[in-house]
Each structure stands twice: as C-alpha cells, then as structure tokens.
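S.K.: Quick one, fold the following:
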Amino acid sequence: MRALWVAGIVLLGAAPVTAQRDDRWQITLNDGKILWELHLIRFRGDTLVVQQGDSTFRFPINQVDELRLVRKAERRQTAEPNRYGGVLGGADDEVFRLTLYDLAERRQILAQIFKDHPPAPSP
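M.R.: Prediction:
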C-alpha cells in the first residue's frame, strides 16, 4: 500500500513538468517576423532565449513586440447547434503585448512570465 502512495506522490509531482514541456510560445518581433513552436529557455539581463526544435534563438527584449502562450485547440460545441467555439481561434491564448512598455517594464513582465511558466528542466 505504501508503494502505491509513493507512486501517487511521484506522479503528482511530475504533472507540472509535463505541462511545462507542452507549453508552446509564439514571438512576434518589431519587424513583423513571427516565430512559432517555441519553448522558453531563459531570461537573463535584457535577452530572451527560446528554442525551436534543435535551434536556439536569443532576442534582445526591446525587439520583441508580442509573446504569446499558444493553448492547444479544443473543439467545444457552443449553445447553438452545429457551431463550435475556441477552435484554432486563439481565444484561450495568453498574450503579452510588450510594444507599449519601456525596457524596465518589459523586464518585469518577462520575469513574471518565467515565474508563472518556468522552462522545463534540461535533459
């Protein structure tokens, strides 16, 4: 019985790490370029580091226009028959529009993002 209890605790502890690995981010740069399917790596000084597949990118945060946590699309039927909501519409995404903020405010916003959505541990 004790082994089952310990296994349950281990599984509960592993759940947030799995969720973190599923976090997918999108960055829009000031020049309009959009990068998809990103994972947060680190934020140090004024540099944001993200990973896309096998590539790692570093961006000065004053070049980042928008950071978006892309939620997986779910098919949900709305109150109207034959109508679906939230499908690939981005309605559930967390959007952090940095354009209107100065450098100090951007640092605070990114620090909070990394606190709320810590990167997955390195393998």
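
S.K.: Skipping its backbone neighbours, what lies nearest residue 39 in space?
M.R.: Counting by CB to CB, 6 or more residues apart in numbering, residue 51 is the residue found nearest to residue 39 once chain neighbours are left out, at 4.8 Å. The way it works is simple: take the backbone N, C-alpha and C, and place the C-beta from them, glycine included.

S.K.: In terms of secondary structure, what does the helix or strand hosting the one you found contact?
M.R.: Using DSSP states H and E, residue 51 maps to strand 47-52. Contacts defined by 3 or more CB pairs under 8 Å, 6 or more residues apart in numbering; DSSP states H and E place strand 47-52 against strand 24-29, strand 34-44, strand 55-60.

S.K.: In its sheet, which strands sit next to that strand, and in what direction?
M.R.: Strand 47-52 sits in its sheet next to strand 34-44 (antiparallel), strand 55-60 (antiparallel), going by DSSP bridges.

S.K.: Now do the buried residues in the shortest one.
M.R.: Residues of strand 55-60 classed as buried: residue 59 (neighbour count, 16 or more other CB atoms under 10 Å).
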